[in-house]
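Q: this one's sequence-less:
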Ligand SMILES: [Fe+2]
Ligand SMILES: [Fe+2]
């Protein structure tokens with residue numbers, strides 16, 4: 001048995017990702033911390049799209065389509081911010097992308113928490129499946145996979 005429920009794990013990730021992006025926005029962190037938050041966001045989208053959403057498809061399929069579309073809006077921002085971090089760009093130069101990504105998350109995350117995460121805890125074994133999942137190298141979210149296929 002996993003120590004955390006599925007909703008606890010995923011909500012904790014939301015908070016950690018928000019905290020990391022906010023730190024980059026207010027200048028209290030640095031590019032290394034931001035890159036770590038972007039990596040966590042990528043891993044989080046992977047958990048949702050490959051473990052959580054397939055388990056919930058029967059009950060909340062329409063909401064899942066909306067969530068996957070919103071992941072597709074985040075992805076290019078995540079990629080350009082990660083590239084900027086690796087290239088040693090200043091946090092100030094990333095301001096617009098950071099604002100946009102943070103804004104998307106503030107609309108997206110509450111919907112997931114209200115509509116999907118509550119249902120998730122009714123699925124036995126989901127917390128363990130989330131804890132066991134590993135992000136494959138080069139994974140892209142579904143909306144972007146479709147766009148680039
Ligand atoms: Fe999501
Ligand atoms: Fe999420």
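A: Structure's in. What do you need? None of the values given here were measured: they were computed from a predicted structure. Ligands and ions are numbered 1, 2, ... in the order given.
Q: give me the pLDDT for residue 56.
A: On the pLDDT scale, residue 56 is placed at 94.
Q: the one helix or strand it maps to: what's the following helix or strand?
A: In the assignment (DSSP states H and E), residue 56 maps to helix 53-86. Downstream of helix 53-86, the first helix or strand assigned by DSSP H and E is helix 95-111.
Q: next, count neighbours for the nearest residue to residue 104 once chain neighbours are set aside.
A: Counting by Cβ to Cβ, 6 or more residues apart in numbering, residue 104 lies nearest to residue 74, which is 5.4 Å off, once chain neighbours are set aside. Every C-beta, even on glycine, is put in place using the N, C-alpha and C of the backbone. Number of residues near residue 74 (other Cβ atoms under 10 Å) recorded here: 21.
Q: show me the contacts for residue 74.
A: By Cβ atoms under 8 Å, 6 or more residues apart in numbering, the contact list for residue 74 reads 41, 45, 101, 104-105, 108, 141.
Q: would you agree residue 7 is in contact with residue 119?
A: No. Applying Cβ atoms under 8 Å, one finds residue 7 not in contact with residue 119, separated by 9.0 Å.
Q: low-scoring stretches of this structure, by residue?
A: Along the chain, segments meeting pLDDT under 70 span 1-2.
Q: chain neighbours aside, what residue packs nearest to the spatially most central residue of it?
A: Centroid-nearest residue in the chain, with Cα atoms, centre = their mean: residue 41, separated by 3.6 Å. Spatially, and ignoring its direct neighbours in sequence, residue 41 is nearest to residue 17 (4.9 Å; Cβ to Cβ, 6+ apart).
Q: what's near enough to touch the one you found?
A: 37, 40-41, 44, 105.
Q: just residue 78 next, same as before
A: Counted by Cβ under 8 Å, 6+ apart, residue 78 has contacts 38, 41-42, 101.
Q: between the residues you listed, which sits nearest ligand 1?
A: residue 41 (9.1 Å; Cβ to the ion).
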